[in-house]
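**Q** my questions concern the predicted model and sequence given below.
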Amino acid sequence: MNGDPVILEARGIELRRGGRTTLAIPHLAVVAGEVLALVGPNGAGKTTLLLALAGLLRPCAGTLHCNGKRVEGRAAVLAYRRSIAMVFQEPLLLSTTVFNNVASGLKLRGVPARDIKRVVPQMLSRFRIADLAHRSGRALSGGEAQRTSLARAFAVNPRIVFLDEPFSSLDPPTRETLMQDLETVISETKTTVVLATHHHEEALRLADRMAVMRGGEIVQIGRCDEVLNAPRDEFVASFVGMETLLRGTVTAIDDGTITLAVGNQLLAAIGQARQGEELLVGVRPENVTLSREPHRGDTSARNVFAATVAGVAPRGLFYRVMLDCGFPLAAYVTGRSIEALGIREGARLTASFKATAVHVIRRKP
């Protein structure tokens, strides 16, 4: 994405309701060809920002620029809206066939009939609904209806597609297959996408960058791997799945390695700190290794602890194992590991993780 032009830019966007500021975005740039995910809990302002970026919600202050030109005035706003597409959480379909629903955006833009007959079947095939072309849009399942909405959006070859929680009302199998197909279409068409979701897993799957929102503000933005592994604060860390968050006091510093007292244990991390400083540290559950054998010095991990299993719960394809190591620690394991290690409540294991897997969050001055 480096060097790609900025296709959409928001400057100083603010929205106020009832005397309260509900959206405050000093600056946000969307790069051509990228997928930007707006993530955060319910009420964080994701949909509000998405609507503002799509020109469907007029902010109290700030400006919107598309390809360097300010989107201002009725004619410019209408032209901008015609150049984009939006898909909502609940599919909005017309009382006509799937073919006509997908064709509707093209017809509104004055696309010739011969081009419509060429483009629509292509999009129906891409979203695997070609066999539904003559079915009524009112007689579709939730997944079929959302596929139709997505096909309609991409059919107009938009500059940007805005997606507002497009998978939230779907069952897991339908959600997975639709996400796979959408991922393929985005890759093939190189379409710029802005996605709003409260599932950080969706952002990691589809997006190049992630903007974490809270209270109408963007609290961190960056590449997905950056936000995932280097969250700026406790809120971001918790939201992106860093399930183990611990407070500790620095007891020693040695060439970039920090030793912290956490509970009744000492924990090693890589970072900068001061002697006696209180820090928040986080460990992602997928970075924790469990074994049945006691530690015999045959691991490169600096952090090795005797652990007691406090609980086990399914997490999609994995299991979340909660451990008591003198501090609480979460780990993800496969079903095969559950059996092989005899993981059950009360079982004794060894938990280990590298010092580089410990993320240090320093308190703001």
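**A** Alright, I've got the coordinates. Residues are numbered from 1 along each chain as shown.
**Q** let me know the secondary structure of the residue lying closest to R175 once chain neighbours are set aside.
**A** Among residues not flanking R175 along the chain, F167 sits closest, at 4.6 Å (CB to CB, 6 or more residues apart in numbering). For every residue, glycine as well, the C-beta is placed using N, CA and C. Following DSSP: H, G, I helix; E, B strand; the rest coil, the label given to F167 is coil.
**Q** what number of residues lie near F167?
**A** Burial of F167 is recorded as 22 neighbouring residues (other CB atoms under 10 Å).
**Q** now do the same contact list for it.
**A** Q146, R175, L178, M179, T197, H199, E202 (CB atoms under 8 Å, 6 or more residues apart in numbering).
**Q** in strands, which of those residues appear?
**A** T197 (DSSP state E).
**Q** where is pLDDT lowest across the contacts of F167?
**A** For the contacts of F167, the least confident position by pLDDT is H199, scoring 88.
**Q** look up phi and psi at that one.
**A** phi -110, psi 110 (degrees, to the nearest 10).
**Q** buried residues, stretch 278-288. List them.
**A** L279, L280, V281, G282, V283, R284, P285, N287, V288 (16 or more other CB atoms under 10 Å).
**Q** assumed the third one was part of a strand.
**A** Yes. Residue assignment for V281, taken from three-state DSSP, places it within a strand.
**Q** give the contact list for the closest residue to Q275 other than its chain neighbours.
**A** Spatially, and ignoring its direct neighbours in sequence, Q275 is nearest to V250 (5.8 Å; CB to CB, 6+ apart). In this structure, V250 makes contact with I258, T259, L260, A273, R274, Q275, G276, E277, E278, L279, judged by CB under 8 Å, 6+ apart.
**Q** now, these that are in strands?
**A** Short answer: the contacts of V250 in strands (DSSP E) are I258, T259, L260, E278, L279.
**Q** those into CSV, with extra columns for distance to P158 and pLDDT?
**A** Output for those, formatted as CSV (distance: CB to CB, whole Å; pLDDT from 0 to 100):
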residue, distance to P158, pLDDT
I258, 48, 94
T259, 53, 95
L260, 50, 95
E278, 49, 93
L279, 46, 92
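**Q** closest to I338 out of those?
**A** L260 (30.4 Å; CB to CB).
**Q** look up how far C325 lies from the closest one.
**A** 14 Å (CB to CB, to the nearest Å).
**Q** joint contacts of the two?
**A** In contact with both L260 and C325: no residue, using CB under 8 Å, 6+ apart.
**Q** now distance to R214 too, for the buried residues of stretch 278-288, in CSV please.
**A** Below are the buried residues of stretch 278-288 laid out as CSV (distance: CB to CB, whole Å):
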residue, distance to R214
L279, 22
L280, 17
V281, 21
G282, 17
V283, 22
R284, 20
P285, 23
N287, 25
V288, 27
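**Q** for stretch 187-194, list the C-alpha coordinates in PDB.
**A** This file holds the C-alpha atoms of stretch 187-194, laid out as PDB (Å, rounded to 0.1, in the frame of the first residue of the first chain):
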ATOM      1  CA  SER A 187      -8.700  -9.400  -3.900                       C
ATOM      2  CA  GLU A 188      -9.700  -9.800  -7.600                       C
ATOM      3  CA  THR A 189     -11.300  -6.400  -8.000                       C
ATOM      4  CA  LYS A 190      -8.800  -4.400  -5.900                       C
ATOM      5  CA  THR A 191     -11.800  -2.400  -4.600                       C
ATOM      6  CA  THR A 192     -11.300   0.100  -1.700                       C
ATOM      7  CA  VAL A 193     -13.400  -1.100   1.300                       C
ATOM      8  CA  VAL A 194     -14.300   0.500   4.600                       C
END
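**Q** ok but M123 is inside a helix, no?
**A** Yes. Applying three-state DSSP, one finds M123 inside a helix.
**Q** just give me the neighbour total for it.
**A** Neighbours of M123 (other CB under 10 Å): 23.
**Q** which parts of the chain belong to which domain?
**A** 6-238, 245-361 (automatic domain parsing).
**Q** which strand or helix spans R320?
**A** Here R320 sits within strand 318-324, counting by DSSP states H and E.
**Q** oh sorry, the question was meant for A24
**A** strand 20-31.
**Q** now the element after that strand, going C-ward?
**A** strand 35-39.
**Q** C-terminal to that next one, which secondary structure element comes first?
**A** Using DSSP H and E, the first helix or strand after strand 35-39 is helix 46-53.
**Q** pull up the pairing partners for the helix or strand just after that following helix, direction included.
**A** Sequence order places strand 61-66 as the next helix or strand after helix 46-53, per DSSP H and E. Each strand paired with strand 61-66, and its direction, by DSSP bridges: strand 6-17 (antiparallel), strand 69-70 (antiparallel).
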